[in-house]
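Q: Structure for this input, please:
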Amino acid sequence: MTPSRLRHLIYTKTEIDVERLHVREEEDKFIVGIAGLTEPEQRSVNGGLCSEGLDPEAFEVVEDPAPGKVKNYDLEKLTELLAKMHDAPDGQLDKLYAKRCATFAKEGHTLEETLEFIRDTRDWCVFTSGASGFVMRLWDCMLEDYPEPDNVKKVRRAKLDAMVGM
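A: Model prediction:
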């Protein structure tokens, strides 16, 4: 497979704008760089390539910054959304999680701590059915502009596996 063929395959499988895709070959793997990569896009590309029979070890999906594009990491907005989760009805978000969100928002944290909290809370909502589909989509939207680095993802996954006994 060539980088241009892989680029075309990703475009047809995910409909990510071809202008954002940069595929290059390094040593024995392909590096798939995507400008403005989001977490759902990363999952989509990984799933699409694996469904085509590509070995996950044969490629790596990373964020490539778009020329002139400045990342908009807005800790204040994320914190504000977490604080407002306290007002979510019990049918939308379990009161335990709503209270945790409000408490976390008041404590003042870094962007990395806030993203970790949101990802962990989203995971726990999945495992405990603690949130409606609407709230789960809200978690995804909050994380959309903050792709999770692979090393952080592996650590979070290991924590989850240990907690749920997998």
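Q: Spatially nearest residue to Glu144 (excluding sequence neighbours)?
A: Once flanking residues are discounted, Glu144 sits nearest to Thr38: 4.8 Å by Cβ to Cβ, 6 or more residues apart in numbering. Using the backbone N, CA and C atoms, a C-beta is placed for each residue, glycine as well.
Q: Look up how far Lys153 lies from the one you found.
A: Separation of Thr38 from Lys153 (Cβ to Cβ, to the nearest Å): 14 Å.
Q: and if you look at Trp124?
A: 16 Å.
Q: Also Ala131?
A: Distance from Ala131 to Lys153, counting by Cβ to Cβ: 21 Å.
Q: and the residue nearest to Asp64 when sequence neighbours are not counted, helix, strand or coil?
A: Excluding its sequence neighbours, the residue lying closest to Asp64 (Cβ to Cβ, 6+ apart) is Gly33, at 3.2 Å. Following DSSP: H, G, I helix; E, B strand; the rest coil, Gly33 is assigned to strand.
Q: okay, Ala131 and Lys153: which has more neighbours?
A: Ala131 (24 against 14; other Cβ atoms under 10 Å).
Q: Look at that one and report its pLDDT.
A: pLDDT, Ala131: 91.
Q: can you check Tyr73 too?
A: Value listed for Tyr73 in the pLDDT field: 58.
Q: ditto for His22
A: Listed pLDDT for His22 reads 84.
Q: show me where pLDDT drops low in this structure?
A: Applying pLDDT under 70 to the chain picks out residues 65-73, 166.
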